[in-house]
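> Here's my sequence, what's the structure:
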Amino acid sequence: MNGFIMHKDIAVLRVDNDIVINSHPIAPLGLKQGQTILKWLSNRAADNKRANVRLLKKVLRITDTSDIATVLRAHAATVTDNYWYKTDGEEITYKDILFRYCTVW
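The predicted structure follows:
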């Protein structure tokens, strides 16, 4: 796995062959303290024990329901912070992966 942990549009960590390098001061604390990238990513995944999460994966036809595969599908974005994962070569920005609320009237 090669890419960057991003904070909005700032690359705060480089990931090279699953190893975290080049830490920025605003990088996630766990990663700065030596947590592996795979552990950090799996902590960002929705809990598979929840029925609505399993149903959502089924509706979205996600065949590989492992935590890592699921979280990478959403670029490791969450609604609770501004960190996300950008794979090498991707031409996307924070605006492209940002969760937006939708109101249906």
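
> which stretches of the protein have low pLDDT?
Scanning the chain with the threshold set as pLDDT under 70 gives 101-105.

> top strand in it by residue count?
Criterion DSSP state E: the longest strand present in the chain is strand 10-16.

> Which elements pack onto it?
Applying 3 or more C-beta pairs under 8 Å, 6 or more residues apart in numbering; DSSP states H and E, we find strand 10-16 packed against strand 3-7, strand 19-21, strand 83-87. The C-beta positions use only the backbone N, C-alpha and C, and glycine is treated the same way.

> repeat that with 10 Å
strand 3-7, strand 19-21, helix 29-32, helix 37-43, strand 83-87 (3 or more C-beta pairs under 10 Å, 6 or more residues apart in numbering; DSSP states H and E).

> what does the third one rub up against?
Pointing back at helix 29-32 there. Under the criterion C-beta atoms under 10 Å, 6 or more residues apart in numbering, residues 5, 12-13, 15, 20, 23-26, 35-37, 39-40, 43, 83 lie in contact with helix 29-32.

> try it again with 7 Å
5, 13, 20, 23, 40 (C-beta atoms under 7 Å, 6 or more residues apart in numbering).

> Output stretch 73-83 as CSV, nothing but the C-alphas.
What follows is stretch 73-83, C-alpha atoms only, in CSV (Å, rounded to 0.1, in the frame of the first residue of the first chain):
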residue,chain,number,x,y,z
ARG,A,73,-13.5,2.2,-0.7
ALA,A,74,-14.4,5.4,1.2
HIS,A,75,-10.8,6.6,1.2
ALA,A,76,-10.8,6.1,5.0
ALA,A,77,-12.9,9.2,5.4
THR,A,78,-15.1,9.5,8.5
VAL,A,79,-17.7,12.1,9.7
THR,A,80,-15.7,12.7,12.9
ASP,A,81,-12.4,14.1,11.6
ASN,A,82,-10.7,15.4,8.4
TYR,A,83,-8.2,12.6,7.8
